[in-house]
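S.K.: model this:
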Amino acid sequence: DSAETSPSVVFENTERCNLNCLRILLENISDLTIDADFTVELIPEINVAVATFIKNIDTKEFVKKCSQHKRVREFNMTARPLESTQSIKAENLPESISSDYLTVYFESARNGGGPVADVQLFPEENSAIITFCNHKGNS
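M.R.: Below is the predicted model:
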């Protein structure tokens, strides 16, 4: 059991619930306010959404509430805490971006970063994979 619980929750099988529906549903379950207390990002290519809590909440308890909620079950959605990762993908990067710039940017504490172990550029996709030395620098 991780000492640090992720502030994000992954919802799978979201195809029956559009973004606005999901936002309202999560407000109803959490008694929190969208944008002020949490954000939701839909990833339609894989029928997943990620809710990230700005307000400090017990995400494990929230996941439990979601899995017991009537509408979540009707939509056949599942919820789980987002696991920590050592790598992130940065997309829509300028063509002229360098791995040195990305390393310095993602190591900046002001940007929520930490020590970077590796940067892989994918110029054809205007993206990069940034791998951190530990999973704390990935917010």
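
S.K.: quick one: the helices in the chain?
M.R.: Secondary structure of the chain (DSSP state H): helices located at 19-30, 59-68, 70-74, 99-107.

S.K.: a markdown table for these, including mean neighbour count and distance to residue 12?
M.R.: Where you see a C-beta, it was placed from the backbone N, CA and C, and this is true even at glycine. Shown next, in a markdown table, are the helices of the chain (neighbours: other CB atoms under 10 Å; distance: least, CB to CB, whole Å):
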| stretch | mean neighbour count | distance to residue 12 |
| --- | --- | --- |
| helix 19-30 | 16 | 12 |
| helix 59-68 | 15 | 11 |
| helix 70-74 | 13 | 11 |
| helix 99-107 | 15 | 28 |
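
S.K.: now these in a markdown table, with mean pLDDT and distance to residue 84?
M.R.: Formatted as a markdown table, those follow (pLDDT from 0 to 100; distance: least, CB to CB, whole Å):
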| stretch | mean pLDDT | distance to residue 84 |
| --- | --- | --- |
| helix 19-30 | 96 | 22 |
| helix 59-68 | 95 | 12 |
| helix 70-74 | 96 | 24 |
| helix 99-107 | 94 | 16 |
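
S.K.: nearest to residue 118, of these?
M.R.: In terms of CB to CB, the element of the helices of the chain nearest to residue 118 is helix 99-107, at 8.8 Å.

S.K.: Outside of that closest one itself, list whatever touches it.
M.R.: 88, 90, 93, 111, 113-116, 119-121, 128, 130, 132, 137 (CB atoms under 8 Å, 6 or more residues apart in numbering).

S.K.: Mind doing that once more with 7 Å?
M.R.: With CB atoms under 7 Å, 6 or more residues apart in numbering as the test, helix 99-107 has contacts from 90, 111, 113-116, 119, 121, 128, 130.

S.K.: quick check, nearest of the residues you listed to residue 36?
M.R.: Using CB to CB, residue 111 comes nearest to residue 36 of those, at 22.2 Å.

S.K.: So which helix or strand of this protein has the lowest pLDDT on average?
M.R.: Lowest on mean pLDDT, DSSP states H and E among the helices and strands of the chain sits strand 87-90, with a mean of 88.
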